[in-house]
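K.L.:
Okay, sequence plus prediction incoming.
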Amino acid sequence: MPHDLSQVYQPEADTYLLINAAKDEVKSGDRVLEVGTGSGLISRELARVSDVVATDINPHAVLCARSSGVHVVRCDLFSGIRGAFTLIIFNPPYLPTQPEERIDDWLEYALDGGESGRVVIERFAAEAGRVLAPGGRILLLISSLTGLSEISALFSGHGYSSKVVMQQVIEDELLYVLKIVRNIS
């Protein structure tokens, strides 16, 4: 099946903000997992420094990323992933979306965050610990539309601490990159 680029999230301001944060965070020797790679741009950039594996649920995104040399697994979040990663990067679907706004295509997986904008992020927070190495870090991009305090509380409830490491105003929203780490017990 050839990939349909109209069904793949193309790099936008949020992508570039997350790339900048990831370049600042990644270290030689990190084992990196990019969840929801889309076009694969972030994974390609980080592969210059570290070992990177990517995932995406969208078959068009998987083919697009593979065609540019990204090692990508087609799966939902972490479902097809084993092992531990020292850095997990995710630009999730964070737009609050009402049922009548759904577009019912593959691109929707990159955009539709459910009514709260947090539906996929909630699943990610609950499952990330399974593949996050001890001392590992998560970089998560969110929007002011998603709720910074709600996302911080969500991760706190799963035993993590978070802090904003980058932010940028884009049109009518503020984008944040959160660095999330496990709390030490």
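P.N.:
Received it, and whenever you're ready, just let me know what you need. Not measured: the values here are computed from a predicted model.
K.L.:
which stretches of this structure form strands?
P.N.:
31-35, 51-56, 72-74, 85-90, 132-143, 160-170, 173-182 (DSSP state E).
K.L.:
Any chance of these in TSV with mean neighbour count and distance to Asn20 as columns?
P.N.:
Bear in mind the C-beta positions are built from the backbone N, C-alpha and C, glycine included. Output for the strands of the chain, formatted as TSV (neighbours: other C-beta atoms under 10 Å; distance: least, C-beta to C-beta, whole Å):
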stretch	mean neighbour count	distance to Asn20
strand 31-35	25	15
strand 51-56	24	17
strand 72-74	18	22
strand 85-90	24	12
strand 132-143	20	10
strand 160-170	15	6
strand 173-182	20	8
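K.L.:
want to throw those into JSON lines with mean pLDDT?
P.N.:
Shown next, in JSON lines, are the strands of the chain (pLDDT from 0 to 100):
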{"stretch": "strand 31-35", "mean pLDDT": "96"}
{"stretch": "strand 51-56", "mean pLDDT": "93"}
{"stretch": "strand 72-74", "mean pLDDT": "93"}
{"stretch": "strand 85-90", "mean pLDDT": "96"}
{"stretch": "strand 132-143", "mean pLDDT": "95"}
{"stretch": "strand 160-170", "mean pLDDT": "96"}
{"stretch": "strand 173-182", "mean pLDDT": "95"}
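K.L.:
TSV for those strands, including distance to Ala13?
P.N.:
Below are those laid out as TSV (distance: least, C-beta to C-beta, whole Å):
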stretch	distance to Ala13
strand 31-35	18
strand 51-56	20
strand 72-74	23
strand 85-90	16
strand 132-143	10
strand 160-170	5
strand 173-182	7
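K.L.:
nearest to Val8, of these?
P.N.:
Proximity to Val8 (C-beta to C-beta) singles out strand 51-56 among the strands of the chain, at 8.8 Å.
K.L.:
Going by contacts, tell me the helices and strands next to that closest one.
P.N.:
Judged by 3 or more C-beta pairs under 8 Å, 6 or more residues apart in numbering; DSSP states H and E, strand 51-56 is in contact with strand 31-35, helix 41-46, helix 59-67, strand 72-74.
K.L.:
quick one: strands adjacent to the shortest one?
P.N.:
So that's strand 72-74. Sheet pairing here is set by DSSP bridges, and for strand 72-74 it gives strand 51-56 (parallel).
K.L.:
And the contacts of the partner strand?
P.N.:
With contact meaning C-beta atoms under 8 Å, 6 or more residues apart in numbering, strand 51-56 is reached by 30-38, 40, 43, 46, 62, 65, 70-75, 77-78, 80-81, 85.
K.L.:
Using CSV, write out the CA atom coordinates for it.
P.N.:
The C-alpha trace of strand 51-56 is given here as CSV (Å, rounded to 0.1, in the frame of the first residue of the first chain):
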residue,chain,number,x,y,z
ASP,A,51,19.2,4.8,19.1
VAL,A,52,15.5,5.6,18.2
VAL,A,53,12.4,3.4,17.8
ALA,A,54,9.1,5.0,16.8
THR,A,55,5.5,3.9,16.8
ASP,A,56,2.3,5.1,15.1
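K.L.:
That's all I had, so thanks and see you.
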